[in-house]
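A.B. asks: Task: produce atomic coordinates for the following.
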Amino acid sequence: MICLIAAASLLSAASDPVKPSTLEGLRAAIQRELDEVGAGSIGVALVSKDRTIWAAGIGMADSATDREADENTYWRLGSITKSFVGLAALILQERGMLRLTDTVAELTPEIGIRNRWDTETPVRVAHLLEHTAGFDDLRYKDYASNDPTPLSLRQGIDHIRGSLYSRWPPGLHLSYSNAGPAVAAYIVQELDGRPFEEFLKHEILEPLEMTGAGLLRTDDLEARLAAGYDAEEMRVPYQHIVVRPSGALSATPRQMANFVRMLLNRGSFDGHQLVSPPSIARMERSETTLSARLQPGYGLGNFPSSEHGFIFRGHNGGMPGYHARYAYLPDQGLGFCVMVAVSNNRLVSRVDDLVSEYLVRDLDRPSAPVAAEMAPDIDQWTGYYRPATSRNQSMRYVERLVGVARVTRADNVLIVKAGGQLIEFHPVSKRVFRHKLRPATTLALVDGPDGTKYVQGEIGSLRMVPGTVVWFERLVAGITALLMVSSLLWAVAWVPLRLGGKLKDRLIAARVWPLLAVMALSIAIAVWIGSTGGGDFAKVVDQLGRPTPAAISFVVLSWIFVLLALQGLVCSLRSSPEQTGRLARIHSIAVSSACLVAAAYLLYFRVIGFPTWW
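C.D. replies: Below you'll find the predicted structure:
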């Protein structure tokens with residue numbers, strides 16, 4: 001996520017030579033970008049420590065009623081809500097009601113987190129907020145939940161219980177999950193005695209003069225909320241998030257300006273001290289990954305991003321029809337927030353870039369860290385790596401094969417080849433590096449508790465694996481795919497011959513079953529792709545998060561694929577070369593075996609055979 005923001009900024013910065021130098025010019029530039037899209041609205045605020053420099057709404061908040069957006073229009077902020085959960089935990093810590101090192105089992109044993117390393121490394125409050133508990137992210141059914149009742153926080157947590165398990169010992173890796181902050185908010189709620197929404201209102205929002213902002217849909221919010229639009233510029237309905245503390249906050253640009261000013265003033269807003277400066281420093285600091293002490297990382301709902309030569313802190317958020325982000329420079333005392341009410345990645349990137357570049361236009365760029373020498377034993381970290389984590393366990397099967405990276409060195413530069421790109425990292429200290437275009441450390445080489453070598457940083461958390469394993473898996477995957485495709489290609493030759501009566505003396509069952517298995521899998525894949533709506537996550541959730549015809553068809557077809565592959569292998573082995581043809585029999589055995597290898601792999605990772613709405 002952090003890497004994507006930085007990359008988007010670098011790309012967009014080069015796409016438009018126009019650099020506004022006045023607020024009027026900035027507004028006009030944002031309006032031009034919005035006009036190109038043709039739908040939605042944008043909220044913006046620029047702040048210093050002392051004041052809100054500018055807060056505005058641009059575009060139509062609701063074209064159906066001709067309501068224009070302004071600085072008091074509400075936008076949905078998505079995962080920015082996590083920053084408020086982190087702040088809530090810090091408030092209770094300062095009151096002596098909890099410690100970030102407390103275990104979840106001690107504070108709320110009723111949650112029942114599954115962690116087979118609980119004796120040595122239990123899940124702690126800090127793990128929940130820093131996304132280092134090892135939790136899976138929410139499942140399709142959780143995103144599909146849209147109960148307007150609304151659900152209580154405990155009901156929401158019960159709904160996402162399938163994600164509340166540690167996939168590795170807590171405190172090793174960052175793996176973003178909407179489950180952790182929701183549990184942290186539940187802990188705040190149980191210790192304080194008030195619903196989390198009430199705690200948020202009285203302890204954070206009202207002191208920050210953010211009255212009206214909140215996690216629930218109210219009449220005032222509905223009257224002033226900017227309408228959100230999807231990628232096809234169709235209006236999206238209000239989404240009732242299953243665990244609201246992970247992404248349901250709505251606020252105005254002027255209100256978010258107050259929040260950013262509080263962070264710039266180290267926990268103080270217009271004379272009211274919400275938390276102490278050390279608490280804000282802790283919010284901005286990661287402490288629970290292997291490399292936490294070596295580089296900036298994800299803190300308590302707060303992470304770094306590199307733009308225009310500066311390291312910003314902040315958070316972003318997205319949901320169907322909305323995107324938002326706040327970012328600030330603690331040392332320079334400047335910050336901004338941007339809210340966009342249309343799902344358009346280019347628009348989001350361009351507006352982010354316009355606003356952030358305007359903010360730093362008169363600042364001197366900080367110098368990059370002085371180059372250092374790499375550790376003498378750095379060659380121990382060169383080799384092949386694969387992702388040690390996966391945000392969604394359901395995507396692990398893809399990332400295991402295509403997420404492989406190779407780390408090499410050239411003189412005093414570390415080179416990471418990932419996704420077909422070569423990325424250069426320059427040493428800041430013996431085992432700590434920075435991207436050649438970044439002003440601060442972005443990658444570290446670390447040892448795990450068991451001696452495993454890891455690379456952690458903006459490219460994720462990667463675990464070293466033997467090159468022989470990588471190439472063996474690539475070979476097996478390649479042969480498997482080739483054999484399955486060959487079944488379709490060979491059918492083009494033998495099916496017409498059979499229909500023409502030229503293979504009457506041949507037993508073709510051994511050829512048919514593997515072909516049908518491959519066809520079943522192909523149709524299942526087509527159903528899956530057809531359900532993704534061109535990559536629109538909202539449509540994926542709508543189709544796969546409940547038992548729709550598409551979701552049911554995919555599950556049924558996947559089991560048909562497995563059964564046909566088994567039948568194909570049995571039939572091929574039982575057939576004789578004379579009945580089937582020697583080459584045809586060998587090919588059928590090979591294709592059926594390849595189908596079963598693919599089936600075993602996909603079943604192991606629960607990609608096929610299991611309802612997507614579970």
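A.B. asks: how long is stretch 569-588 end to end?
C.D. replies: This stretch, stretch 569-588, spans 7 Å end to end (CA to CA, to the nearest Å).
A.B. asks: Look up how far residue 540 lies from residue 389.
C.D. replies: Distance, residue 389 to residue 540, by CB to CB, to the nearest Å: 21 Å. For glycine as for every other residue, the C-beta is placed from the backbone atoms N, C-alpha and C.
A.B. asks: Have a look at the two and say which one is more surrounded.
C.D. replies: More crowded of residue 389 and residue 540, by other CB atoms under 10 Å: residue 389, with 22 against 19.
A.B. asks: Does that one touch residue 461 like I think?
C.D. replies: Yes: look at residue 389 against residue 461 with CB atoms under 8 Å: they come within range, at 5.1 Å.
A.B. asks: So for these two, which residues contact both of them?
C.D. replies: Common contact partners of residue 389 and residue 461 (CB atoms under 8 Å, 6 or more residues apart in numbering): 173-175.
A.B. asks: Redo these as a markdown table? Include secondary structure, neighbour count and pLDDT.
C.D. replies: What follows is those, written out as a markdown table (DSSP: H, G, I helix; E, B strand; the rest coil; neighbours: other CB atoms under 10 Å; pLDDT from 0 to 100):
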| residue | secondary structure | neighbour count | pLDDT |
| --- | --- | --- | --- |
| 173 | coil | 25 | 97 |
| 174 | coil | 25 | 97 |
| 175 | coil | 25 | 97 |
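A.B. asks: now, which of those residues sits nearest residue 483?
C.D. replies: Nearest to residue 483 among the shared contacts of residue 389 and residue 461: residue 175, at 34.3 Å, using CB to CB.
A.B. asks: helix, strand or coil for the closest residue to the closest one other than its chain neighbours?
C.D. replies: The spatial neighbour of residue 175 that comes closest, neighbours along the chain excluded (CB to CB, 6 or more residues apart in numbering), is residue 389 at 4.0 Å. Following DSSP: H, G, I helix; E, B strand; the rest coil, the label given to residue 389 is coil.
A.B. asks: List the contacts of the nearest residue to residue 102 once chain neighbours are set aside.
C.D. replies: Among residues not flanking residue 102 along the chain, residue 125 sits closest, at 5.4 Å (CB to CB, 6+ apart). Residue 125 is in contact with 89, 98-104, 107, 184, 187, counting by CB under 8 Å, 6+ apart.
A.B. asks: May I see these organised as CSV, with distance to residue 349 added?
C.D. replies: Output for those, formatted as CSV (distance: CB to CB, whole Å):
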residue, distance to residue 349
89, 31
98, 38
99, 39
100, 34
101, 38
102, 39
103, 40
104, 37
107, 40
184, 30
187, 36
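A.B. asks: All the strands of the stretch 201-350 of the chain, residue numbers only.
C.D. replies: Residue ranges of the strands in the stretch 201-350 of the chain, as given by DSSP state E, counting those that start in this stretch, are 249-251, 268-269, 272-273, 303-307, 310-319, 322-329, 334-340.
A.B. asks: among these, which is nearest residue 566?
C.D. replies: Among those, strand 310-319 sits nearest to residue 566 (CB to CB), with 42.4 Å.
A.B. asks: and that closest one, what does it pack onto?
C.D. replies: strand 75-78, helix 81-94, strand 303-307, strand 322-329 (3 or more CB pairs under 8 Å, 6 or more residues apart in numbering; DSSP states H and E).
A.B. asks: mind listing the strands for the stretch 51-200 of the chain?
C.D. replies: 52-62, 67-68, 75-78.
A.B. asks: Format these as CSV; extra columns: mean pLDDT and distance to residue 495.
C.D. replies: Output for those, formatted as CSV (pLDDT from 0 to 100; distance: least, CB to CB, whole Å):
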stretch, mean pLDDT, distance to residue 495
strand 52-62, 97, 57
strand 67-68, 96, 61
strand 75-78, 98, 51
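A.B. asks: Return the most buried member of those strands.
C.D. replies: Highest mean neighbour count of the strands of the stretch 51-200 of the chain: strand 75-78, a mean of 29 (counted as mean count of other CB atoms under 10 Å).
A.B. asks: who touches that one?
C.D. replies: In contact with strand 75-78 (CB under 8 Å, 6+ apart) are residues 41, 43, 225-226, 228, 247-253, 256, 316-319, 321-324, 339-341.
A.B. asks: where in the chain is pLDDT low?
C.D. replies: Counting by pLDDT under 70, the ranges of the chain that qualify are 1-18, 503-507, 533-535.
A.B. asks: That one - how does it break down into domains?
C.D. replies: The chain breaks down into these domains under automatic domain parsing: 2-359, 378-465, 476-604.
A.B. asks: Surely residue 53 is in contact with residue 71?
C.D. replies: No: Residue 53 is beyond contact range of residue 71, at 11.9 Å (criterion: CB under 8 Å).
A.B. asks: circling back to that earlier point, how about the strands of the stretch 51-200 of the chain, which one is nearest residue 583?
C.D. replies: In terms of CB to CB, the element of the strands of the stretch 51-200 of the chain nearest to residue 583 is strand 75-78, at 57.2 Å.
A.B. asks: who does the closest one pair up with?
C.D. replies: strand 249-251 (antiparallel) (DSSP bridges).
A.B. asks: Please state the offset of the partner strand from the chain centre?
C.D. replies: 20 Å (CA atoms, centre = their mean, to the nearest Å).
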